[in-house]
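Asks: have a look; sequence and predicted model below, questions after that.
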Amino acid sequence: MAAPWRISDVRVIEEYTISVRFLDGLEGIVRFKPGFFRGVFSHLVDPDQFRRVTVVNGAVTWPGELDLAPDAMHQQIRQSGEWVLDN
């Protein structure tokens, strides 16, 4: 059985904000603040690039193999309903 913290669905709901659903049914929001868009993630400040988000192997992923840790995301969303990424 797959880990319950794996992502099953992701969608952009507003600029720099995504909605995620996990295999265990938990749902929540991930908000990206300006400080997040540095280093390898800097090109995602372009809204067109940001909207290219998808799920690959249970993780929120963008082209170029950029992804976010689904287990950390699950833990934060379980606690507060959202995960805010700033840096």
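Replies: In hand now; what should we look at? Since this is a predicted model, take the numbers as computed values, not measurements.
Asks: residues near I13, how many?
Replies: Residues near I13, counting by other Cβ atoms under 10 Å, number 11. For every residue, glycine as well, the C-beta is placed using N, CA and C.
Asks: try H43
Replies: 13.
Asks: biggest helix in the chain by residues?
Replies: Longest helix of the chain, by residue count under DSSP state H: helix 70-80.
Asks: which helix or strand lies directly C-terminal to it?
Replies: Going down the chain from helix 70-80, the next helix or strand is strand 82-85, by DSSP states H and E.
Asks: okay, now the sheet partners of that following strand, with direction.
Replies: Partner strands and pairing direction for strand 82-85 (DSSP bridges) are strand 27-32 (parallel).
Asks: list the buried residues for stretch 30-48?
Replies: Neighbour counts over stretch 30-48 (16 or more other Cβ atoms under 10 Å) mark V30, F32, F36, F37, F41, L44 as buried.
Asks: spatially central residue in this protein, please.
Replies: With distances taken as Cα atoms, centre = their mean, V60 lies nearest the centre of the chain, 4.8 Å away.
Asks: which residues touch that residue?
Replies: By Cβ atoms under 8 Å, 6 or more residues apart in numbering, V60 lies in contact with I7, V10, I18, V20, V30, V53, T54, D67, L68, P70, M73.
Asks: repeat that for 6 Å
Replies: By Cβ atoms under 6 Å, 6 or more residues apart in numbering, V60 lies in contact with I7, V10, L68.
Asks: with R11 instead?
Replies: S19.
Asks: doesn't it belong to a strand?
Replies: Yes - according to DSSP: H, G, I helix; E, B strand; the rest coil, R11 belongs to a strand.
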